[in-house]
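dropping the sequence and predicted coords here.
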Amino acid sequence: MKKLKGRILLFLILEFFWIIWNNSWDYTTWLYGLILVIPVVLLFGSGTYIFEGVKLTPRGLMYSFQYVGVFVWALIKSNIDVMFRVLNPRLPLRPGIVRVETKLKSPMARMILANSITLTPGTFVVDIRENIIYVHWIEVCCEEDALKLTQQIVAPFENVLMKIYE
């Protein structure tokens, strides 16, 4: 049943992007999309284990919009921080790789978390091992306090992702 759910979700995502890229709501566009998407889903649908844990509910959709807001806010804050560091050479730069833990169990949630961390300026995910994420950070403020690092880097994203995927 999980494989079927993953294949259906893959089909919906591919068909959605087919329609968006073709910029047409005509039924022939949908039909051509079906002709192209169904073989792709049948051939490559076995790798849809990443969709496990996705909640296709109105509540999950609402939290997805909330996640976009949290991500945009983190993006704005980190852009401003990096901008000030570039413009003012007296601001400290203490780059380093930090080890943070996540409570997320879903592979998709961890992937989204890692991508969100990487997309915010000043951070870059180097490696992921189960629930451990290694992040290159522009200013490692408190190397000894792993909990504080986790709270600064991961917690804002993780709280909303847990509502969507866990």
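Here it is on my side, so go on. Residues are numbered from 1 along each chain as shown.

for this protein, give me the ranges with low pLDDT.
Residues of the chain meeting the criterion pLDDT under 70: 1-2, 47-56, 142-147, 149-150.

hey, where'd the strands end up in this protein?
Defined through DSSP state E, the strands belonging to the chain, from first to last, are 96-101, 123-129, 132-137.

in a markdown table: these, plus distance to Ala114 and mean neighbour count.
Backbone N, C-alpha and C define where each C-beta goes, glycine included. Below are the strands of the chain laid out as a markdown table (distance: least, C-beta to C-beta, whole Å; neighbours: other C-beta atoms under 10 Å):
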| stretch | distance to Ala114 | mean neighbour count |
| --- | --- | --- |
| strand 96-101 | 11 | 16 |
| strand 123-129 | 4 | 15 |
| strand 132-137 | 6 | 18 |
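
of those strands, which is nearest Val70?
The stretch from these with the least distance to Val70 (C-beta to C-beta) is strand 123-129; that distance is 14.9 Å.

sheet-wise, list the partners of that closest one with their directions.
Here strand 123-129 is paired, per DSSP bridges, with strand 132-137 (antiparallel).

what's next to the partner strand, contact-wise?
In this structure, residues lying in contact with strand 132-137 by C-beta atoms under 8 Å, 6 or more residues apart in numbering are 95-102, 110, 113-114, 117, 122-128, 149, 153-154.

same question for stretch 61-74.
Around stretch 61-74, the neighbours that count as contacts under C-beta under 8 Å, 6+ apart are Ser116, Leu119, Thr120, Pro156, Phe157, Val160, Leu161, Lys163, Ile164.

the fifth one and Gly96: what is the separation?
Per C-beta to C-beta, to the nearest Å, Phe157 is found 20 Å from Gly96.

please apply the same query to the fourth one.
Distance of Pro156 to Gly96, given as C-beta to C-beta: 20 Å.

count the neighbours of Pro156 for me.
Residues lying near Pro156 (other C-beta atoms under 10 Å) number 18.

domains of the chain?
Recorded structural domains for the chain (assignment: automatic domain parsing) are 2-51, 58-165.

the longest one: end-to-end distance?
Its start and end residues considered, domain 58-165 measures 13 Å (C-alpha to C-alpha, to the nearest Å).

Throw the strands of the chain into CSV and include distance to Ser64, thanks.
Rendered in CSV, the data for those read as follows (distance: least, C-beta to C-beta, whole Å):
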stretch, distance to Ser64
strand 96-101, 23
strand 123-129, 21
strand 132-137, 21
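
of all those, which lies closest to Val40?
Evaluated with C-beta to C-beta, those place strand 123-129 nearest to Val40, the distance being 26.8 Å.

go ahead and flag the most central residue of the protein.
Ile112 (1.7 Å; C-alpha atoms, centre = their mean).
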